[in-house]
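Peer 1: This is a predicted model, with the sequence first.
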There are 2 protein chains.
Amino acid sequence: MGKKLLLKDIAKLAGVSEMTASRAMRGAQDVSAATRLKVEQIARDVGYVPNRIAGALASKTVNLVGVVVPSLNSSVFPEVLSGISSTLKTTALKPVIGVTGYDLLEEEEVIREMLSWRPTGVVVAGLEHNEAARKMLANADCPVVEVMDVDGDPVKHCVGISHLEAGREMAQTILKSGYRKIGFVGTKMPQDFRAEKRFKGFVEALGETGVSLIDQELYSGVSSIETGNMLTEMLLKRTPELECIYFSSDVLSVGAYMHCLSKGISVPDDLALAGFNNLELLRGLPLKLATTDAHRYMIGQKAAEIILANQDTNSLAQVMTLQPQLTTGQSL
Amino acid sequence: MGKKLLLKDIAKLAGVSEMTASRAMRGAQDVSAATRLKVEQIARDVGYVPNRIAGALASKTVNLVGVVVPSLNSSVFPEVLSGISSTLKTTALKPVIGVTGYDLLEEEEVIREMLSWRPTGVVVAGLEHNEAARKMLANADCPVVEVMDVDGDPVKHCVGISHLEAGREMAQTILKSGYRKIGFVGTKMPQDFRAEKRFKGFVEALGETGVSLIDQELYSGVSSIETGNMLTEMLLKRTPELECIYFSSDVLSVGAYMHCLSKGISVPDDLALAGFNNLELLRGLPLKLATTDAHRYMIGQKAAEIILANQDTNSLAQVMTLQPQLTTGQSL
DNA sequence: GGCGCATTTGATAGCGCAACCGTTAGCGCT
DNA sequence: AGCGCTAACGGTTGCGCTATCAAATGCGCC
């Protein structure tokens, strides 16, 4: 372990004041090229790493953007992150990730932890938070962007799609294709509010044509190809007359497709399938599955742009609604 | 945006000294239950979030563990993270993620950034770093654990498997199954050193039985089912006599399997497939694909344990080698 | 040479909080 | 009552760095 080098040690070695060394390390102006190079050289030689904690306290600026997401297991949130990173790449800001596990209490903790580091901005997935979390976000002394979803009441800025609308649109598309014996498969994540909204929109839109779900299968836990496969098997066993199943996620619909492949069920002739997210997973399969793209990458980019635009100024709250893009593929 | 509440404001509101308020907020001892509750209540009411920057500077302790990974796109590193989180859950430490994009220069940046926050510990994926990064890690005033891989020269602590060995073992298994016309498909990520080591071990072990690869296909970019599908198609077109293909990742072998499904190629009769990682993705497919489990979750857990054990003490460097676990499945 | 201006450097004063003691209050005991 | 002891609280100091402004230096030009 190191010898705990301080800025003053570097300054002494370089024969300059602490202040000049500080400026040189930060690449600030008002330092001659010669002294800057000298200080940088010495710092590199002795392996000095500035103490950002002290720096942040003194300057009251932290070049971090907190990003709070429910999970990193699916590729859904990593894609949002990629979008954020791509936009921040050219700036001095860096994303810091917090994971809540779809748990609102844990989310509160994570948000408190993030805010306690006084970041330049915060991005939070979803609009549903507990009272304490909402209050903290509302009081936060930095721009706050809620992402993914616009169906609700944003604390401040917001970028996302309407999941209600996405569900409705898929229902309409399925109905238009002529299917009437329709089922639903999803994981029963009590706090996956977006999946819930899609389900709600889906059922609503079916109802408007006088159609209702003839069966559904819910599962507590994480979505995976395996659960999609299993749940589909169970559903079909119980209700073999199903013509079409809507899944709360593409991983589930892929699992269903795998089930169909192994049982010789023809898609979409015997059974039509539709998922959600337009995951990369869908590409490279023998059949293109129906899905809805939620513009995850762009959502990340836009959120980062909003933070950049509001880091000093404090303009009005901005709500940006993107249009989910449905792809029929070959499975409907 | 908030009014910038300070500890002293809370103290004033609660009618206690700053010091007592501080202790109450941190749940420290030497505070009566009554005052603690009062302070907590007031803090919650006004939405006070302590400034950790100041706290960290004053106490010289930061309850963060930096985790540096190349990517979050596959589920490989998120699983390591899950392992880390699970172990840290019961402690005061929290993981902070940094992503390098398989770029050593970017890795240096990310490591510098992490260390500048003086974390309690650092976990870094891989053993290959540039000179500056190695130096920083070596000088870091906290435990450092390199994970995933043990083939190399660790800076300090290390937990992982031998990827050379994993490649060798798969080669031996494939040879034992009688295949001789063997190909390889991988993405040409110049800095995915672990994939490279598996390839090297694989080719070496083939060579020891006098067998050599009859063809291979490399691709620059990210691994995906789609690229696995495409690369397999290209490889088979060029070298139709192939009996078995080893892939640098399960996503590629799944892509290959998808190709086989759509072309009516029987696995493993017409073509045997083997991947690496034992991703969750493999479960729920019609056929179990051969793979090697790299114990990602456990690696994360062990790394976190090492950090916990060394956060105060500074014991000897510890190298923990786990045994990769090969599964033949039904594709060999 | 001396003046004015721009550039570079340095001394001082915190940033917001917690460690470190010192102080006070509370309580049981002789 | 007086003593000792512990629990609870508070004042002072400083963590390592940067903002701010003052000082010094260099430099062009009359």
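Peer 2: All right, it came through fine.
Peer 1: what residues are up against the spatially most central residue of chain A?
Peer 2: Central residue of chain A (Cα atoms, centre = their mean): residue A:77, 3.3 Å from the mean position. Residue A:77 is in contact with A:69-71, A:125, A:296, counting by Cβ atoms under 8 Å, 6 or more residues apart in numbering or on different chains. For the C-beta atoms, the positions are set from N, CA and C on the backbone; glycine is no exception.
Peer 1: Now for it, which secondary structure element holds it?
Peer 2: Assigned by DSSP states H and E, residue A:77 belongs to helix A:76-88.
Peer 1: Can I get the contacts of residue A:77 in a markdown table including neighbour count and pLDDT?
Peer 2: Output for the contacts of residue A:77, formatted as a markdown table (neighbours: other Cβ atoms under 10 Å in any protein chain shown; pLDDT from 0 to 100):
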| residue | neighbour count | pLDDT |
| --- | --- | --- |
| A:69 | 24 | 96 |
| A:70 | 24 | 95 |
| A:71 | 19 | 93 |
| A:125 | 25 | 97 |
| A:296 | 25 | 97 |
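Peer 1: can you tell me which of those are in helices?
Peer 2: residue A:296 (DSSP state H).
Peer 1: In strands, which of the contacts of residue A:77 fall?
Peer 2: Assigned to strands by DSSP state E, the following of the contacts of residue A:77 qualify: A:69, A:125.
Peer 1: Distance to DNA strand D added to the contacts of residue A:77, as TSV?
Peer 2: Output for the contacts of residue A:77, formatted as TSV (distance: Cβ to the nearest atom of the strand, whole Å):
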residue	distance to DNA strand D
A:69	30
A:70	35
A:71	35
A:125	32
A:296	35
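Peer 1: Which member of the contacts of residue A:77 is positioned nearest chain B?
Peer 2: The closest of the contacts of residue A:77 to chain B turns out to be residue A:71 (Cβ to the nearest Cβ; 8.3 Å).
Peer 1: contacting residues around that closest one?
Peer 2: A:77, A:99-102.
Peer 1: if I look at it, how far off is DNA strand C?
Peer 2: Separation of residue A:71 from DNA strand C (Cβ to the nearest atom of the strand, to the nearest Å): 30 Å.
Peer 1: For that residue, grab phi and psi.
Peer 2: The phi/psi pair for residue A:71 (degrees, to the nearest 10) reads phi -170, psi 160.
Peer 1: What mean pLDDT does stretch A:258-277 get?
Peer 2: Regarding stretch A:258-277, the rounded mean pLDDT is 96.
Peer 1: and it, is it in reach of chain B?
Peer 2: Yes: against chain B, stretch A:258-277 shows contacts by Cβ under 8 Å from any Cβ of the partner chain at A:258, A:261-262.
Peer 1: Now tabulate these in CSV and tack on secondary structure, neighbour count and distance to residue B:87.
Peer 2: Shown next, in CSV, are the residues of stretch A:258-277 next to chain B (DSSP: H, G, I helix; E, B strand; the rest coil; neighbours: other Cβ atoms under 10 Å in any protein chain shown; distance: Cβ to Cβ, whole Å):
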residue, secondary structure, neighbour count, distance to residue B:87
A:258, helix, 22, 33
A:261, helix, 20, 39
A:262, helix, 14, 37
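Peer 1: any idea which of the residues you listed is closest to chain B?
Peer 2: Chain B lies nearest to residue A:262 out of those, by Cβ to the nearest Cβ, at 3.5 Å.
Peer 1: Contact partners for the closest one?
Peer 2: residue B:286.
Peer 1: Residue A:288 too?
Peer 2: Residue A:288 is in contact with A:282, A:327, A:329-331, counting by Cβ under 8 Å, 6+ apart.
Peer 1: among those, which are in strands?
Peer 2: Of the positions in these, residue A:327 sit in strands, assigned by DSSP E.
Peer 1: Only the buried subset of the contacts of residue A:288, as a ChimeraX command please.
Peer 2: A single ChimeraX command selects the buried members of these (16 or more other Cβ atoms under 10 Å in any protein chain shown):
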select /A:282,327,329,331
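Peer 1: Redo the contacts of residue A:288 as TSV? Include pLDDT and distance to DNA strand C.
Peer 2: Output for those, formatted as TSV (pLDDT from 0 to 100; distance: Cβ to the nearest atom of the strand, whole Å):
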residue	pLDDT	distance to DNA strand C
A:282	97	48
A:327	97	50
A:329	96	53
A:330	97	58
A:331	96	55
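Peer 1: And the furthest pair within the contacts of residue A:288?
Peer 2: Pairwise distances across those (Cβ to Cβ) peak at 11.1 Å, for the pair A:282 and A:330.
Peer 1: shared neighbours of the two, which are they?
Peer 2: Jointly contacting residue A:282 and residue A:330 under the rule Cβ under 8 Å, 6+ apart are A:288-289.
Peer 1: Enumerate every residue touching the closest residue to residue A:52 other than its chain neighbours.
Peer 2: Of all residues not flanking residue A:52 in the chain, residue B:116 sits nearest, at 4.0 Å (Cβ to Cβ, 6 or more residues apart in numbering or on different chains). Residues near residue B:116 by Cβ under 8 Å, 6+ apart: A:49-52.
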